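> sharing a model prediction with you, sequence too.
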Amino acid sequence: MREEMSGTVIIGMGNRLLSDDGVGFAVAVAVAERLKGRMNLTVTELHTGGIRLMEAMAGFTRAVVVDAMLSGAPPGTLQRFDPKEFVTTKNTFSSHDTDFATAYDLGRMAGVLLPEQVSFWGIEAREFDLFGERFTAEVAAAVPVAVERIIAEITGWEGTA
């Protein structure tokens with residue numbers, strides 16, 4: 001018997017103890033709090049990408065990944081990415097890990113039930129290297145914008161289900 005997939009997972013990436021690097025989890029929690037009781041949502045905190053990220057999506061109909069990024073854009077810039085746009089990740093758990101796109105394809109080939117709808121949201125960080133649980137001003141200002149845009153996406157997905 002084939003397992004059924006359901007719900008949406010919101011995966012907050014990063015390290016909450018390294019200033020702006022914790023923004024992904026903060027946004028994920030804020031989105032889930034705002035949508036509490038309205039739909040089937042699960043929040044997951046993850047510190048690594050690749051295979052672990054693919055595994056965190058298993059069994060869900062939809063996935064949203066939120067992370068801090070360093071792309072050269074002004075701090076606080078919010079960008080949405082399609083999974084196919086990712087070739088490498090900055091950090092992997094070990095030399096045996098891989099980038100998300102490869103992990104996703106391998107998971108599919110192995111029969112892992114993975115969502116068809118996946119989006120990645122990045123918030124440009126200013127500070128990754130200082131210990132602290134506070135965001136820089138630009139990143140803090142981007143949080144409510146990210147929450148609103150991700151809620152709009154998730155509720156739009158739910159409307160098409």
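Structure's in. What do you need?

> list the buried residues for the helix or strand of the chain with the lowest mean pLDDT?
Lowest mean confidence among the helices and strands of the chain (mean pLDDT, DSSP states H and E): helix 100-109, at a mean of 82. Residues of helix 100-109 classed as buried by neighbour count (16 or more other CB atoms under 10 Å): 100-104, 107. Heads up, the C-betas are built off the backbone N, CA and C, glycines and all.

> and it, what does it pack against?
Contact partners of helix 100-109 among helices and strands, from 3 or more CB pairs under 8 Å, 6 or more residues apart in numbering; DSSP states H and E: helix 50-57.

> helix or strand right after the helix it packs on?
Toward the C-terminus, helix 50-57 is succeeded by strand 62-69 as the next helix or strand (DSSP states H and E).

> middle-most residue in the chain, spatially?
Residue closest to the average C-alpha location in the chain (CA atoms, centre = their mean): Val65, at 1.3 Å.

> pretty sure that one contacts Phe120?
Yes. Contact criterion CB atoms under 8 Å: Val65 and Phe120 qualify, at 4.7 Å.

> and the closest residue to Glu45 other than its chain neighbours, which of the three is it?
In this structure, Glu45 finds its nearest non-sequential neighbour in Phe25, 4.9 Å apart by CB to CB, 6 or more residues apart in numbering. Three-state call for Phe25 (DSSP: H, G, I helix; E, B strand; the rest coil): helix.

> all the strands of this protein, in order from the start?
With strands called from DSSP state E, the chain shows them at 8-13, 41-46, 62-69, 78-81, 117-124.

> much appreciated, bye for now.
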